[in-house]
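J.: Provided below for reference: sequence and predicted model.
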Amino acid sequence: PVARIEAIRLFLAYAVHKDFTVYQMDVKTSFLNGILNEEVYAGQPQGFVSKQYPDHVYALDKALYGLKHAPRAWYDVLSQFLIDNGFQKGSIDTTLFIKKKGKPIMLI
């Protein structure tokens, strides 16, 4: 899932209003950490075809870049991790996660 533009604008407006510090990050290997919940098979990549088994295909355990399942698989892993660590999904946009502990608040 992709964050709705309205949620991003609301998040930034709230951050400015409350004088929050906003950090941005990119997890370069994120799509490689998604766990597939269904059977997905891939052919051998060009240049790496086994001479002994040229027609073999491989069952994937985890997502790969370019796989249509990769974004959702990563979101599921990240979402579960955040929920397990005390975050709650936003009611308006499920890509927003909120954790309140007394006065401090963390928005992801």
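T.: Great, that's in hand. Every value quoted in this text rests on a predicted model; they were computed, and no experiment measured them.
J.: what's near enough to touch E39?
T.: Residues in contact with E39 (CB atoms under 8 Å, 6 or more residues apart in numbering) are A59. All C-beta atoms are positioned from the backbone trio N, CA, C, and that covers glycine.
J.: ok, it to Y75 distance?
T.: 20 Å (CB to CB, to the nearest Å).
J.: N33 now?
T.: Taken as CB to CB, the span from N33 to Y75 is 11 Å.
J.: ok, now which ones touch the residue nearest to Y41 when sequence neighbours are not counted?
T.: With sequence-adjacent residues excluded and distances taken as CB to CB, 6 or more residues apart in numbering, Y41 is closest to V57, at 4.7 Å. Shown in contact with V57 (CB under 8 Å, 6+ apart): Y41, A42, G43, Q44.
J.: for the residues you listed, which one is nearest A15?
T.: Set against A15, the nearest of the contacts of V57 by CB to CB is A42 (40.9 Å).
J.: now name the helix or strand holding that closest one.
T.: Element membership for A42 (DSSP states H and E) is strand 41-43.
J.: which residues sit against that strand?
T.: Contact with strand 41-43 is made by V57, Y58, A59, L60, L64, L67, as judged by CB under 8 Å, 6+ apart.
J.: burial count for H17?
T.: If you count neighbours by other CB atoms under 10 Å, H17 ends up with 8.
J.: check the separation of the first and last residues in stretch 59-78.
T.: Distance across stretch 59-78, first residue to last, is 23 Å (CA to CA, to the nearest Å).
J.: what lies in contact with it?
T.: Stretch 59-78 is contacted by residues 1, 30-42, 95 when judged by CB under 8 Å, 6+ apart.
J.: identify the farthest-apart pair in these.
T.: Using CB to CB, those span at most 29.3 Å, a distance reached by Y41 and T95.
J.: more neighbours, these two?
T.: T95 (16 against 8).
J.: for that one, give me phi and psi.
T.: phi -90, psi 0 (degrees, to the nearest 10).
J.: is it true that it touches A7?
T.: Yes - under the criterion of CB atoms under 8 Å, T95 makes contact with A7 at 6.9 Å.
J.: which residues do those two both contact?
T.: Joint contacts of T95 and A7 (CB under 8 Å, 6+ apart) do not exist.
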